[in-house]
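1. Okay, here's the prediction I keep looking at, along with the sequence it came from:
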Amino acid sequence: MTNTAFAPSTKPLYGRILFKISGEALMGPNEFGLDPETVDRIARDIKDVVDAGIQVCVTVGAGNIFRGVSGAANGMDRTTADHMGMLGIVINALALQNALENIDVDSRVQSAIRMDEICEPYIRRRAMRHMDKGRVVIFAAGTGNPYFTSDTAATLRASEMNCDLIAKGTKVNGIYTADPMKDKNATKYDTISYMDVLTKDLRVMDATAISLARENNIPIMVFSIREKQNFVKVLHGEGDYTIVKD
Ligand code: GTP
């Protein structure tokens, strides 16, 4: 290994967090599906966070497998398309659990849609107990309802789990005034209010998710998941990120 491991000199800023990761982030360099190397690297990033003493739960998207919205746009019934998206999340959740187990991180998958032969059903108190024991809980199948995004599922579960933070791992290192991939003059916010995210239409998460986070006063941290060990760093207040809060 060439990189020096991050050795925090301070305590983490958060006790319990929800990590939101998009399905696309699990594709790595591919255009579809799961890239085992990328999933393994993200599992190692999660391990660093668990080792720092932070309780972690995770929600995943399914854009690497199936997007309900695009299915509906192509003439499919929206509810059916969303059900397919939720099953895509279960696939991603099982892949992430497998990668965590390979590096000896205890984890449990809880699904919003019952599939008892495959994983546990979602039970709030049980999920909290798992986290108290240092296990990573991966919430699968979104909210279990069509018409809700995985971002909304993330905010809902973070609220139910009394998380101190929603950590959203993305391709970029924060929220910019414009898309930094397209506009060279775009500047990054260090902090921004929930209301500004909504009124400026910055598309960090959908409006339902942002409103729910605002109502429950849970900050949202946007950071880059592409850099190794960046996840644990930002949770110690180091590196680049943007925080959405009031
Ligand atoms: P503790 O009660 O804290 O010891 O938690 P635990 O999760 O280790 O206990 P439990 O005996 O409930 O679970 C043992 C294993 O079975 C874990 O890997 C769970 O994820 C799994 N498990 C528990 N309930 C279900 C279920 O309804 N369906 C499936 N597929 N697996 C389950």
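-> Thanks, I have the structure now.

2. in the helix of greatest length in the chain, what counts as buried?
-> The residue-count maximum for a helix in the chain (DSSP state H) belongs to helix 78-102. Buried residues in helix 78-102, defined by neighbour count with 16 or more other C-beta atoms under 10 Å: 81-97, 99-100. To be clear about C-beta, it is placed using only N, CA and C from the backbone, and glycine gets the same treatment.

3. what about the helices in this protein?
-> Going by DSSP H, the chain shows helices at 36-51, 68-73, 78-102, 124-132, 150-160, 194-199, 207-215, 230-234.

4. Please name the residues that touch residue 110.
-> Contact partners of residue 110, counting by C-beta atoms under 8 Å, 6 or more residues apart in numbering, are 119-123, 126-127, 137-140.

5. Filter the residues you listed down to the buried ones, ChimeraX style.
-> Buried residues among the contacts of residue 110 (16+ other C-beta under 10 Å), as a ChimeraX selection:
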select :119,120,122,127,137,138,139,140
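
6. Which member of the contacts of residue 110 is positioned nearest the ligand?
-> Among the contacts of residue 110, residue 120 lies closest to the ligand (C-beta to the nearest ligand atom), at 4.1 Å.

7. isn't that closest one right up against residue 126?
-> Yes - contact criterion C-beta atoms under 8 Å: residue 120 and residue 126 qualify, at 7.1 Å.

8. How about the least confident helix or strand in the chain by mean pLDDT, which residues are buried there?
-> Ranking every helix and strand in the chain by mean pLDDT, DSSP states H and E puts helix 68-73 at the bottom, with a mean of 81. Under the neighbour-count criterion of 16+ other C-beta under 10 Å, helix 68-73 has 68, 71-72 buried.

9. neighbours of residue 195, just the number please.
-> Residue 195: 13 surrounding residues under other C-beta atoms under 10 Å.

10. Residue numbers of this protein in contact with the ligand?
-> Proximity of the chain to the ligand (C-beta under 6 Å from any ligand atom) is limited to residues 108, 116-121, 129, 133.

11. quick one: residue 146 and residue 123, what's the gap?
-> Residue 146 sits 22 Å away from residue 123, going by C-beta to C-beta, to the nearest Å.
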